[in-house]
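J.: here's a sequence, model it:
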Amino acid sequence: MTDLIIIGAGPGGYETAVRAAKLGLQVTIVESKHLGGTCLNEGCIPTKCLCHSAEMLDEIRGASSLGINAENITFNLEVAIERKNQVVAQLTSGVAGLMKSPGITLVNGKASFKDKNTVCVTKPDGSVEELSAKHIIIATGSVSKFLPIEGAHSENVVTSTELLDMTSLPKRLCVIGGGVIGLEFASIFNSFGSEVTVVEFCKEVLPNLDKDIAKRLRTSLKKRGISFHVDAAVTAVKTLEDGSSEVCFTEKGKEASVNADCVLMAVGRAANLESLNLDEVGISYTRRGIEVNADMQTNIPEIYAIGDINGICPLAHAATFQGYRAIDHILGNESEINLEIIPSAVFTVPELASVGRSEEQLKDADIDYKSHKYFYRANGKALSLGADEGLVKILADENGKVLGAQILGAHASDLIHEVTLLMSNGGTLEDIAKTVHAHPTLSELVLAAAES
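T.: Down below sits the predicted model:
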């Protein structure tokens, strides 16, 4: 019997394995598909590769204002996909190297529970191996959701996984879902040259984020040529005689439709609960995911669940730090990891990032706050970069304690970490204001917002 079995080698799984091994535990990690999980192979990393291609294409197209004349600009999607594959291969190779570290044993196969300390692993050749450990961490991630509608699985309907391998640029792309995944791909393919339409069920895109910032982002993307239908429920995807698709939806009580050559189903992800045999062990779970406490422990004390599988926070970095929290608990250490403050980012153009609570959440909780804003157009570095669109918004209580922040604009995903660090240490606006910031930098946007 080993010390720990981890089921799933995504960011949560493999990073937790490395941490556990460094702390002296003997770890066996089981993976049925790709090392690196969804994030590395079908999500975060490959998407960001295409984001970079899109950003570079946009910059080149706008280079004339900088005195740079670029003519006959062309884009080759096949080359962009090949570069994406090379980046993924390089990082996957790195993870494979980590899995050879002392104290870690990698087993390829699909795991299911036999009892609270034992899993059965069905290997690619059909053989089955039983593995036992004092503790088990489930980190099997999530899978794409589909709407229960006519044509949801028709030929032109793809998930983000298939779209990331598409080498032929669709002339018309319809994105069902205005969440993070949907908007990132809408932004990417708009830059690549596709005619993009987004259909979102809620009244605003990114329904879980600050509505003010979400609306500003939608307005920005609309100016770039992306069409939006919000408060719209998709009812069917029909295949037309010419092979294209018609996406039918009800928008504010009226029937409408849009034609597309490719339809991206981006209506969220569901916990990957299949084949784990959870009922055999009596692990409590809901449709959202496996139920856990603050230390990621399930109702079975020996078993933990981290990442998308528990439905708490569907972010790769959240999975990693949840894993660290679980290891602390397994070793009997008091964890200093604060899982209440987790930043998130949307890699559209412009970027959007947030941490802590939104205005809506503060209002719902009846918490008094003040909004402190500062706009990119007033920042010297932003103007010099030609990135004057966006703002920093910091929400603080009457004592200046920071409760949340949202940033829309260039490098928002980098800037948000100053506020994240501050919040993790119970900081205030005064702490930002008395900290010297280099000039000219985009970081001064955070300083100016704190001083406003």
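J.: who are the contact partners of the closest residue to Ala260 other than its chain neighbours?
T.: Sequence neighbours aside, Cys174 is the residue nearest to Ala260 in space, at 3.7 Å (criterion: C-beta to C-beta, 6 or more residues apart in numbering). C-beta here means a position set from N, CA and C on the backbone, and glycine is covered the same way. Counting by C-beta atoms under 8 Å, 6 or more residues apart in numbering, Cys174 touches 196-199, 245, 247, 258-260, 262-264.
J.: just the buried ones from the residues you listed?
T.: 196-199, 245, 247, 258, 260, 262-264 (16 or more other C-beta atoms under 10 Å).
J.: just the residues you listed: which are in helices?
T.: Members of those lying in helices (criterion: DSSP state H): none.
J.: could I get those residues as JSON lines with distance to Leu442 and pLDDT?
T.: Formatted as JSON lines, the buried ones among the contacts of Cys174 follow (distance: C-beta to C-beta, whole Å; pLDDT from 0 to 100):
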{"residue": "Val196", "distance to Leu442": "28", "pLDDT": "98"}
{"residue": "Thr197", "distance to Leu442": "32", "pLDDT": "98"}
{"residue": "Val198", "distance to Leu442": "28", "pLDDT": "98"}
{"residue": "Val199", "distance to Leu442": "33", "pLDDT": "98"}
{"residue": "Ser245", "distance to Leu442": "41", "pLDDT": "97"}
{"residue": "Val247", "distance to Leu442": "38", "pLDDT": "98"}
{"residue": "Val258", "distance to Leu442": "37", "pLDDT": "97"}
{"residue": "Ala260", "distance to Leu442": "36", "pLDDT": "98"}
{"residue": "Cys262", "distance to Leu442": "35", "pLDDT": "98"}
{"residue": "Val263", "distance to Leu442": "37", "pLDDT": "98"}
{"residue": "Leu264", "distance to Leu442": "31", "pLDDT": "98"}
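J.: between the residues you listed, which is nearest Leu98?
T.: Closest approach to Leu98 among those (C-beta to C-beta): Leu264, at 32.4 Å.
J.: before we move on, back to that, give me phi/psi at the residue nearest to Ala260?
T.: For Cys174, the backbone dihedrals (degrees, to the nearest 10) come out as phi -110, psi 130.
J.: one more: Asn108?
T.: Here is the backbone geometry of Asn108 (degrees, to the nearest 10): phi -90, psi 120.
J.: can you give me the helices in the stretch 351-452 of the chain?
T.: With helices called from DSSP state H, counting those that start in this stretch, the stretch 351-452 of the chain shows them at 359-364, 380-385, 412-424, 429-433, 444-451.
J.: for Asp431, which non-adjacent residue is spatially closest?
T.: In this structure, Asp431 finds its nearest non-sequential neighbour in Leu422, 6.0 Å apart by C-beta to C-beta, 6+ apart.
J.: who's in contact with the one you found?
T.: Shown in contact with Leu422 (C-beta under 8 Å, 6+ apart): 402, 428, 431-432.
J.: pLDDT at the spatially most central residue of the chain, what is it?
T.: Nearest residue to the geometric centre of the chain (C-alpha atoms, centre = their mean): Leu315, 4.9 Å. What the model reports as pLDDT for Leu315 is 95.
J.: quick check: it touching Leu339?
T.: No: applying C-beta atoms under 8 Å as the test, Leu315 and Leu339 come out as separate, 11.0 Å apart.
J.: returning to what we had before: can you flag which of the buried ones among the contacts of Cys174 belong to strands?
T.: The strands, defined by DSSP state E, take in 196-199, 245, 247, 258, 260, 262-264 from the buried ones among the contacts of Cys174.
J.: those: which two are farthest apart?
T.: Pairwise over these, using C-beta to C-beta, the maximum falls at Val198 and Ser245, 15.2 Å.
J.: residues contacting the residue nearest to Leu98 when sequence neighbours are not counted?
T.: Spatial nearest neighbour of Leu98, chain neighbours left out: Val18 (5.6 Å); criterion: C-beta to C-beta, 6+ apart. By C-beta under 8 Å, 6+ apart, the residues touching Val18 are 98, 101, 104.
J.: neighbour-wise, which of those residues leads?
T.: Among these, Ile104 has the most neighbours (other C-beta atoms under 10 Å), with 21 neighbours.
J.: may I have the one helix or strand Ala21 maps to exported as CSV, CA atoms only?
T.: Secondary structure from DSSP states H and E places Ala21 in helix 11-22. Presented in CSV, the C-alpha positions along helix 11-22 are these (Å, rounded to 0.1, in the frame of the first residue of the first chain):
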residue,chain,number,x,y,z
PRO,A,11,-2.8,20.6,-13.3
GLY,A,12,-4.4,19.7,-10.0
GLY,A,13,-3.3,16.1,-10.2
TYR,A,14,0.3,16.4,-11.4
GLU,A,15,1.2,19.5,-9.4
THR,A,16,-0.2,17.9,-6.3
ALA,A,17,1.8,14.8,-7.0
VAL,A,18,5.0,16.8,-7.2
ARG,A,19,4.2,18.7,-4.0
ALA,A,20,3.3,15.4,-2.1
ALA,A,21,6.5,13.7,-3.3
LYS,A,22,8.7,16.6,-2.2
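J.: check which residues of it are buried.
T.: In terms of neighbour count (16+ other C-beta under 10 Å), helix 11-22 has its buried residues at 11-21.
J.: starting at the chain centroid, how far to it?
T.: In terms of C-alpha atoms, centre = their mean, to the nearest Å, the centre of helix 11-22 is found 20 Å from the chain centre.
J.: how about Ser413, nearest residue that isn't a chain neighbour?
T.: Of all residues not flanking Ser413 in the chain, Ala345 sits nearest, at 3.8 Å (C-beta to C-beta, 6+ apart).
J.: partners of the helix or strand harbouring the one you found in the sheet?
T.: Assigned by DSSP H and E, Ala345 belongs to strand 344-346. Sheet pairing here is set by DSSP bridges, and for strand 344-346 it gives strand 352-356 (antiparallel).
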